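Undergrad: Sequence first, predicted coordinates after that:
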Amino acid sequence: MLPQLQTALHTAAGLIYPPACLCCGAMVDHAAGLCGPCWRDTAFIGGTVCDRCGIPLPGAVVGEVAHCDACQAAPPPWVQGRSALLYSDMGRKMVLALKHGDRQEIAKPAALWMSRAIAGILPADTLIAPIPLHWLRLAKRRHNQSALLAKALARETGLLCCPDLLQRVRRTPSLDGKTRLERYAILQDAITAHPRRITLLQGRSVLLVDDVMTSGATLSAAAYACIAAGAGAIRVVTLARVAKDT
């Protein structure tokens, strides 16, 4: 499509369908944005965070590399992790809308927020990969929210995205309500590298993308799959972070 025609169509669409807040639907000044009250109620993560899992930490020492107690006691299989929002209030509402409400337009602004969260920590050759869904769940949901985020994040960062780098070889039950240990047991050996994509992984930095980090069990399973296939350093980013693991 010619750039001039594309711009004209976007302008016409904006006149017919005025930009609306992603959360409440109120009119906003620009597309893919939040109104003032929803922005206020969205807990963006900033300041000092755990360098491994991205959870906010007390203190604000400039340049400090800190780790939470959980990551010190049991370091995850990735070297750095970040999240854009806390999984509460509007953050939770947006994640659920993207995941279950078919609100795919949320992926674009979410990727912008996620790119800001990971600014300055990625090597130039980093390969972006989403957490995979089992094909039965993908058929039911019709889209993989993590893949939507990964593709949008690739556009924001200019990095290469491989949507099928990993595959979920075993269907797993919902992790809702499960303890940390139960989550890790359920995800064991459930994710592997795609046989046709292993050559892409050799010694390469990988950024794993998911919608929410709770215990880190899913991201750990994916990270171990990448490491087993010969990947280099693994980093992770999620749209939202549950503040307290269960």
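TA: Structure received.
Undergrad: wait, isn't Gln145 in contact with Gly101?
TA: No: Gln145 is beyond contact range of Gly101, at 10.1 Å (criterion: CB atoms under 8 Å). All C-beta spots, glycine's among them, are computed from the backbone N, C-alpha and C.
Undergrad: which of the two has more neighbours?
TA: Gln145 (28 against 12; other CB atoms under 10 Å).
Undergrad: can you pull the contacts of the more buried one?
TA: Applying CB atoms under 8 Å, 6 or more residues apart in numbering to Gln145 gives the contacts 98-99, 107, 211.
Undergrad: rerun that using 6 Å as the cut-off
TA: 98-99, 211 (CB atoms under 6 Å, 6 or more residues apart in numbering).
Undergrad: So what's the residue count around Ala124?
TA: For Ala124, the count of nearby residues is 7 (other CB under 10 Å).
Undergrad: do the same with Gln167
TA: Gln167 - counted by other CB under 10 Å - has 18 other residues nearby.
Undergrad: in what helix or strand does it lie?
TA: strand 166-168 (DSSP states H and E).
Undergrad: same question, Ile227
TA: Using DSSP H and E, Ile227 sits within helix 217-228.
Undergrad: Ala84 now?
TA: Using DSSP H and E, Ala84 maps to strand 80-86.
Undergrad: next helix or strand past that strand?
TA: From strand 80-86 onward toward the C-terminus, using DSSP H and E, the following helix or strand is helix 89-100.
Undergrad: Packing partners of that following helix?
TA: Applying 3 or more CB pairs under 6 Å, 6 or more residues apart in numbering; DSSP states H and E, one finds that helix 89-100 contacts strand 206-213.
Undergrad: ok and the strand it packs on relative to helix 89-100, angle-wise?
TA: 110 degrees (axes from the mean of the first three to the mean of the last three CA atoms, to 10 degrees).
Undergrad: Could you look up the SS state of Leu239?
TA: For Leu239, the assignment made with DSSP: H, G, I helix; E, B strand; the rest coil gives strand.
Undergrad: For it, give me its contacts.
TA: 84, 110, 211.
Undergrad: got the end-to-end distance for stretch 157-169?
TA: 29 Å (CA to CA, to the nearest Å).
Undergrad: That stretch: which residues count as buried?
TA: Judged by neighbour count using 16 or more other CB atoms under 10 Å, the buried positions of stretch 157-169 are 157, 159, 161-163, 165-168.
Undergrad: again with stretch 109-121
TA: 109-111, 113-115, 117-118.
Undergrad: Output those residues as TSV; include the columns pLDDT and secondary structure.
TA: Shown next, in TSV, are the buried residues of stretch 109-121 (pLDDT from 0 to 100; DSSP: H, G, I helix; E, B strand; the rest coil):
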residue	pLDDT	secondary structure
Pro109	93	helix
Ala110	95	helix
Ala111	96	helix
Trp113	96	helix
Met114	97	helix
Ser115	97	helix
Ala117	96	helix
Ile118	97	coil
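Undergrad: Of all pairs in the residues you listed, which one spans the longest distance?
TA: Pro109 and Ile118 (15.5 Å; CB to CB).
Undergrad: Can you show me the strands along this protein?
TA: Secondary structure of the chain (DSSP state E): strands at 80-86, 127-130, 160-161, 166-168, 191-193, 206-213, 234-241.
Undergrad: Need the winner for burial among these.
TA: strand 234-241 (a mean of 27; mean count of other CB atoms under 10 Å).
Undergrad: any idea of the mean pLDDT in it?
TA: For strand 234-241, mean pLDDT is 98.
Undergrad: partner strands of that strand, parallel or antiparallel?
TA: Here strand 234-241 is paired, per DSSP bridges, with strand 80-86 (parallel), strand 206-213 (parallel).
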